[in-house]
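Enquirer: Okay, sequence plus prediction incoming.
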Amino acid sequence: MPIPRVENGRLPQNRYGNIEVGKLGPVPIGAVHISLTDFICSSSSSSSLSHDRQTSLSASSSSRRDRSMSREANTEGGRKKPIMTCLSEASLGRSLVTAAMNCGVEYKPAIVGFDLYDDRREDQTGGGGRRMMFGSHRTSSYSSSSFSSPYIRRGGAGGGGGGSGWIVKRDGIVVLQEDEERVREAWAIERQKREVVCMKRREKKEMKEREDSIRKWRVLCRAILFWREREEEEDQKKEKQRIERDHQAGFEDQHTAAHPDSSIEIV
């Protein structure tokens, strides 16, 4: 099967509007796969190369077909500071799509595998259905309103009675080779904006948790002081009652000693 190529500035796509890459197929000639998996790996590993700059336009066609080979070569060459981010995979995927849309470039979602979902197992166990992934060993499952993921049930179009189905696994987007640098720069700017919002949200959450903790400790301390005051009042009350009983008993003893005949009953 011939390798698809970019024609007239248009990316080749399947009937669902996606491009299958990785183990499912090669990247079209003249296009570049911007992978979220590689970015996440570079963010989590201190020895990974930052992917803000990729292979130049003079790279061979074979290296363009398999971007993973060029990334391994770049990793062996030099070491750069890894990109650290607090964003989730879903937020990274949405920021990448937003960057491509803001640049106004041609892009398509990259499909790297399929996930087999079993509804019948979910109904029996009451939990999540069994999932079996084919294709990439690690993929991003972010969702976007601009991408419609095909869900094909094995029971047919009617699909009565549930069953299992295939869910696509996305990993970034595919853009034209000449648009790669612009998209990556716009993606970096979009990530910075989202990271600022994420950090503010995290700080607000931590502040709220701290205030809640202080409030709970304050309530606990007040409760302890209240019960301590109650115990002291109870102890003082019991001590007062004991003193009154002792005083009453002493008065009766003195009265009996002063009038010994008063206790003799006359028959």
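Expert: Happy to help now that I have it. Residues are numbered from 1 along each chain as shown.
Enquirer: where do the strands sit along the chain?
Expert: Assigned by DSSP state E, the strands in the chain fall at 19-20, 31-34, 107-118, 130-135, 151-153, 164-176.
Enquirer: who does the shortest one pair up with?
Expert: According to DSSP bridges, the neighbouring strands of strand 19-20, each with its direction, are strand 107-118 (parallel).
Enquirer: re the thing from before, in a markdown table, list the strands of the chain along with distance to Ile224.
Expert: From N, CA and C alone the C-beta is placed, and that goes for glycine too. A markdown table is the format used below for those (distance: least, Cβ to Cβ, whole Å):
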| stretch | distance to Ile224 |
| --- | --- |
| strand 19-20 | 65 |
| strand 31-34 | 58 |
| strand 107-118 | 53 |
| strand 130-135 | 50 |
| strand 151-153 | 57 |
| strand 164-176 | 54 |
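Enquirer: mind putting the ones you listed in JSON lines, mean pLDDT, distance to Val183 and mean neighbour count included?
Expert: As requested, those are exported to JSON lines (pLDDT from 0 to 100; distance: least, Cβ to Cβ, whole Å; neighbours: other Cβ atoms under 10 Å):
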{"stretch": "strand 19-20", "mean pLDDT": "86", "distance to Val183": "15", "mean neighbour count": "22"}
{"stretch": "strand 31-34", "mean pLDDT": "89", "distance to Val183": "7", "mean neighbour count": "24"}
{"stretch": "strand 107-118", "mean pLDDT": "83", "distance to Val183": "7", "mean neighbour count": "22"}
{"stretch": "strand 130-135", "mean pLDDT": "42", "distance to Val183": "23", "mean neighbour count": "14"}
{"stretch": "strand 151-153", "mean pLDDT": "38", "distance to Val183": "28", "mean neighbour count": "13"}
{"stretch": "strand 164-176", "mean pLDDT": "84", "distance to Val183": "5", "mean neighbour count": "22"}
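Enquirer: Which one, of the ones you listed, ends up nearest to Arg10?
Expert: strand 164-176 (9.1 Å; Cβ to Cβ).
Enquirer: Check which helices and strands the closest one sits against.
Expert: Packing partners of strand 164-176 (3 or more Cβ pairs under 8 Å, 6 or more residues apart in numbering; DSSP states H and E): strand 31-34, helix 36-44, helix 89-103, strand 107-118, helix 119-125, strand 151-153.
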